[in-house]
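Novice: After the sequence you'll find the predicted model.
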Amino acid sequence: GSHSISALPTTAQVSTDDFMKQLGHASQIIPVLHPEDGSSPSGEQSAALLEVLQKQFAHSDGIRGFFAVYLTSPESLTMEEVPSVLVEAVRGADTKVMVPLACMNVIMPTAMTSIHQDPELKECASKTADNGLKILRLLKGESEVVSNCKAIYQVASDKVEGGDDLIEYWNKFFINYKYGPEQKADISRVIQEFC
């Protein structure tokens, strides 16, 4: 493809740059991850991508920055399955850091599908949520996924009886975003498969 690995950000940049800069790095990574001709990255590209993604996924700004761009990118919205190098990077990340963010990447667009009035925005939110689910499914069965999703499910079902730390964390998250009954019903429906 036309995007050589020289277009990728350096491992140092993705390791230390803040959230706003990570958004820019993500938009450099995505064309290498998804070549325009629909092929897969070459062996050399895959090795370089994995190295960059592993460093980017070692901290929350990197993960948030990458997925904020990726989950709404035209490339990811048309993908049948998650590229293998991304699968490896997601599965290799520290679940304590990756899992809550992967859950948010499902919860937030799921909530937006009912908050948005505009049909196009609804559609976009729904596709983004589907993408978020593809990523979270890579980690299905991991103990962190089960415990976070059980907590989310309880909060979304208004079944909070005093809380452990996770329930408290997600309860604050829901209150912060002012999710109402409709959002909660949609969220508990999609999260159920992970509990």
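Specialist: Cool, got the structure.
Novice: Check the gap between A47 and V32 for me.
Specialist: Per C-beta to C-beta, to the nearest Å, A47 is found 11 Å from V32. In short, each C-beta sits where N, CA and C put it, glycine included.
Novice: Listing request: residues of this protein with sub-threshold pLDDT.
Specialist: 1-3, 162-163 (pLDDT under 70).
Novice: helix or strand right after the longest helix anywhere in it?
Specialist: If you go by DSSP state H, the chain has its longest helix at helix 95-115. Toward the C-terminal end, the helix or strand that comes next after helix 95-115 (DSSP states H and E) is helix 119-137.
Novice: Can you list the buried residues in that next one?
Specialist: 124-136 (16 or more other C-beta atoms under 10 Å).
Novice: Give me the contacts around that helix.
Specialist: 67, 70-72, 76-77, 81-82, 90, 102-103, 105-106, 109-110, 112-113, 116, 145, 190, 194 (C-beta atoms under 8 Å, 6 or more residues apart in numbering).
Novice: I'd like the next helix or strand past it.
Specialist: Past helix 119-137, the next helix or strand by DSSP H and E is helix 143-156.
Novice: if we can go back for a sec, so what touches the longest helix of the chain?
Specialist: By C-beta under 8 Å, 6+ apart, the residues outside helix 95-115 that reach it are 57-60, 63-64, 67, 71, 90, 121-122, 125-126, 128-129, 131-133, 135-136, 139, 142-145, 148-149, 152, 169, 173, 177, 179, 182-183, 186-187, 190-191.
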